[in-house]
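[1] Have a look at this prediction, sequence included:
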Amino acid sequence: MIAIRAADERGHADHGWLNTYHTFSFASYRDARHMGFRSLRVMNEDIVQSGRGFGEHPHHDMEIVTYILEGALAHQDSMGNGEVLRAGEFQRMSAGTGITHSEFNPSDDEPVHLYQIWLLPNRKGIEPSYEQKRFSEEERRNRLRLVASPNAAESSLRIHQDAQIYLSTVDDGQRVNHTLADGRHAWLQVVRGAVSLNGHDLETSDGAAVSEERLLTIQAKGVAEIMLFDLA
């Protein structure tokens with residue numbers, strides 16, 4: 001079973017400095033039909049204007065993964081981390097027992113375009129931690145590159161949940177396949193371009209919830225970039 005979450009059906013708010021789209025209920029956007037999928041709780045696509053950002057705010061008991069599509073994002077947190085994420089980089093922050101952090105676009109003239117993803121952790125009260133990594137386009141070209149997993153396999157980010165996150169750039173007409181183990185589910189997020197998922201057409205920023213499917217075949221229509229989540 002494949003259920004499409006169309007980009008233009010997402011929650012949306014334009015605050016001037018922040019243009020944000022919510023796949024699942026978030027902040028003032030509430031939709032009882034879209035409260036998350038399996039351990040995936042938040043899938044926000046944000047565009048933050050230059051010189052603006054999110055002031056210091058708290059999180060706890062959440063796995064937060066950020067992927068920068070364009071621009072840069074400056075991060076500071078109560079663990080002492082102060083980093084700048086640039087296009088193509090991932091950040092993983094385990095909020096655990098509690099952290100505060102801020103996120104700011106340091107550019108004078110360019111917006112930053114990003115996805116921020118929250119997953120429920122497999123247990124509460126873990127020690128907060130932080131990671132940041134880049135995965136080259138070469139190692140994800142026409143293949144699913146593991147970027148996050150519970151055991152940090154293949155030098156991926158470590159997340160505290162039974163989930164794997166894959167990233168791929170797929171050339172026009174090429175396809176990538178993924179087999180789901182029994183009882184597993186998947187979420188496909190189209191970051192850029194257009195693809196066909198087992199015969200279902202998806203465009204930029206569309207998502208798809210997958211259950212009771214064994215083999216996933218994702219074929220690009222033009223060059224496309226995707227994130228695939230393999231979920232318990």
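    Thanks, I have the structure now.
[2] could you measure the closest residue to residue 50 other than its chain neighbours against residue 87, distance?
    Excluding the flanking residues, the one nearest residue 50 by CB to CB, 6 or more residues apart in numbering is residue 107, at 4.5 Å. (Glycine included, C-beta is placed from N, CA and C.) Residue 107 is 11 Å from residue 87, where distance means CB to CB, to the nearest Å.
[3] and the most centrally placed residue in the chain, which of the three is it?
    Centrality entry for the chain: nearest residue to the mean C-alpha point is residue 117, 4.3 Å, by CA atoms, centre = their mean. For residue 117, the assignment made with DSSP: H, G, I helix; E, B strand; the rest coil gives strand.
[4] List the contacts of it.
    By CB atoms under 8 Å, 6 or more residues apart in numbering, the residues touching residue 117 are 40, 42-44, 64-67, 165.
[5] What's opposite residue 148 in the beta bridge?
    residue 157, residue 165 (DSSP bridges).
[6] Give me the neighbour count for residue 22.
    Neighbourhood size, residue 22 [other CB atoms under 10 Å]: 21.
[7] ok, and the closest non-adjacent residue to it?
    Residue 22's closest residue in space is residue 11 (CB to CB, 6+ apart), at 3.7 Å.
[8] Please save the CA atoms from stretch 132-150 in PDB.
    Provided in PDB are the C-alpha atoms of stretch 132-150 (Å, rounded to 0.1, in the frame of the first residue of the first chain):
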ATOM      1  CA  GLN A 132      27.600  16.500  11.400                       C
ATOM      2  CA  LYS A 133      28.600  14.800   8.100                       C
ATOM      3  CA  ARG A 134      28.700  15.300   4.400                       C
ATOM      4  CA  PHE A 135      28.000  12.500   2.000                       C
ATOM      5  CA  SER A 136      29.400  13.200  -1.500                       C
ATOM      6  CA  GLU A 137      27.200  13.100  -4.600                       C
ATOM      7  CA  GLU A 138      29.600  10.500  -6.100                       C
ATOM      8  CA  GLU A 139      28.800   8.000  -3.400                       C
ATOM      9  CA  ARG A 140      25.000   8.400  -3.700                       C
ATOM     10  CA  ARG A 141      24.800   8.700  -7.500                       C
ATOM     11  CA  ASN A 142      22.300   6.100  -8.700                       C
ATOM     12  CA  ARG A 143      22.500   4.200  -5.400                       C
ATOM     13  CA  LEU A 144      21.000   4.500  -2.000                       C
ATOM     14  CA  ARG A 145      23.600   5.900   0.300                       C
ATOM     15  CA  LEU A 146      23.000   5.200   4.000                       C
ATOM     16  CA  VAL A 147      23.200   8.500   5.900                       C
ATOM     17  CA  ALA A 148      21.700   7.500   9.300                       C
ATOM     18  CA  SER A 149      21.200   4.300  11.200                       C
ATOM     19  CA  PRO A 150      21.000   2.900  14.800                       C
END
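[9] That's all I had, so thanks and see you.
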